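In: any chance you can model this:
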Amino acid sequence: MRARLTGLILILLSALVPHPAAARAPCAGETLEMVFAGTGSAPYVWLRAGGRKGFFLVDYGATASSMSRGAFPGESGPKRVSDFSLPGFSEGSFLLFDYGHHSGPPGGQLGIVGTDFLSLTTVTFDYAAAQIGFASAPCTDTVLEAAGFRPISQETFFSHDLSRVPERPNVPVIWVEVGGVRFWAQIDSGYEDSVYPHTVDVNDALFAALRKARVPLRRVGGVTVTTCSVTENRSVYRVETGISVTDEAGTPIRSVGFLHIIPKKPNSCGGIAGMREAAGQIGASLLKGFGTVVFDPKGERIWVPEAR
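Out: A predicted model of the protein is given here:
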């Protein structure tokens, strides 16, 4: 009987002690509740801006922040807004945009916070606690490494200083390896991929590289996408072998069970589709699967928990 009780106590204690891969990042700073739209993964926070209150999408895939045109009828953007409650900021400039009637959590979407703000502050996505932390300064490497996090360099991709990202949008990336093909993929936290989770959009160069490497891609369906210029149908492929997230040097950080690959054809909207180098863009569900992510634009790194 004593042995059973001891075993039960050990099980309970082990449940209370988080695995390093699932540990929450320290130094999160001021935190806001992370809210989702339905069963989605794209993160929203409740903010006040220009005398309005509502949900803002925290979107690392957007380089310019915006607000709903419906909140400012008759006005045209960009609009300078004061009384902004995003931690660390009191005002900012926003484009005015029509998000549609079904965008965001219940109550609708008031705005988008893009990397024009997010590149100036350290941000922690903590999905387990459903919180987003905003800090004026990042943790030290020692603290993050002790908590089980690994860095991924953002040099030439994402920085607080736009002059250090001269040829690309100021958007953070991860490195992904699929069947021996390694590539960088932009983190688009606003890309809701609940229909086909773990989506990676790929451009022509990357899709050709995957085909050349004979990566087993199985077509599982299609999606209809409305871009800035046209509405088009895109095929969806599933891959389930040889997938991992790595650092910039190719060292594995964590494995991924499957991906949905969606090829994007070049258009006039820019982004990865128009790039000649092999490139991808991940949706929100893959980011959520990391559990915790720390974005450090001043150090030009992001940090993710290691889990193999």
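In: shaky segments in the protein?
Out: 1-23, 102, 228-229, 268, 308 (pLDDT under 70).
In: report the central residue of it.
Out: Geometric centre of the chain, nearest residue: residue 189, 3.1 Å, by CA atoms, centre = their mean.
In: tell me who's in contact with that residue.
Out: Residues in contact with residue 189, defined by CB atoms under 8 Å, 6 or more residues apart in numbering, are 42-43, 58-61, 125, 284, 287. (Glycine included, C-beta is placed from N, CA and C.)
In: kindly recompute the last result at 10 Å.
Out: 41-43, 57-62, 118, 123, 125, 171-172, 282-284, 287-288, 293, 295 (CB atoms under 10 Å, 6 or more residues apart in numbering).
In: for residue 39, same thing?
Out: Counted by CB under 10 Å, 6+ apart, residue 39 has contacts 192, 194.
In: if we go to 6 Å?
Out: By CB atoms under 6 Å, 6 or more residues apart in numbering, residue 39 lies in contact with residue 194.
In: residue 201 now?
Out: Counted by CB under 6 Å, 6+ apart, residue 201 has contacts 262, 264, 281.
In: and residue 223, how far from residue 275?
Out: Noted for residue 223: a distance of 21 Å to residue 275, by CB to CB, to the nearest Å.
In: picking that back up, so the residue nearest to the centre of the chain: helix, strand or coil?
Out: Per DSSP: H, G, I helix; E, B strand; the rest coil, the local secondary structure of residue 189 is coil.
In: in space, what's closest to it - neighbours in sequence excluded?
Out: residue 60 (4.6 Å; CB to CB, 6 or more residues apart in numbering).
In: could you give the number of residues near the one you found?
Out: When counting by other CB atoms under 10 Å, one arrives at 29 neighbours for residue 60.
In: and for residue 35?
Out: 19.
In: just list whatever residues bridge to it.
Out: residue 44 (DSSP bridges).
In: and residue 303, backbone torsions?
Out: Per-residue torsions, residue 303: phi -130, psi 130 (degrees, to the nearest 10).
In: contact partners for it?
Out: Residue 303 touches 144, 149, 151, 294, counting by CB under 6 Å, 6+ apart.
In: switch to 8 Å and redo it
Out: 25, 144, 149-152, 293-294, 296.
In: same thing with residue 230?
Out: For residue 230, counting by CB under 8 Å, 6+ apart, the contacting residues are residue 267.
In: and it, how far from residue 273?
Out: With CB to CB as the criterion, residue 230 and residue 273 are 12 Å apart.
In: overlap in contacts of the two?
Out: What both residue 230 and residue 273 touch, as defined by CB under 8 Å, 6+ apart, is the set residue 267.
In: residues touching the helix or strand that contains residue 95, excluding its own?
Out: Take DSSP states H and E as the rule and residue 95 turns out to sit in strand 91-97. Strand 91-97 has contacts (CB under 8 Å, 6+ apart) with 49, 64-69, 72, 75-84, 86, 111-112, 116-117.
In: if you set the cut-off to 10 Å instead, what comes out?
Out: By CB under 10 Å, 6+ apart, strand 91-97 touches 49-50, 62, 64-73, 75-84, 86, 109, 111-114, 116-117.
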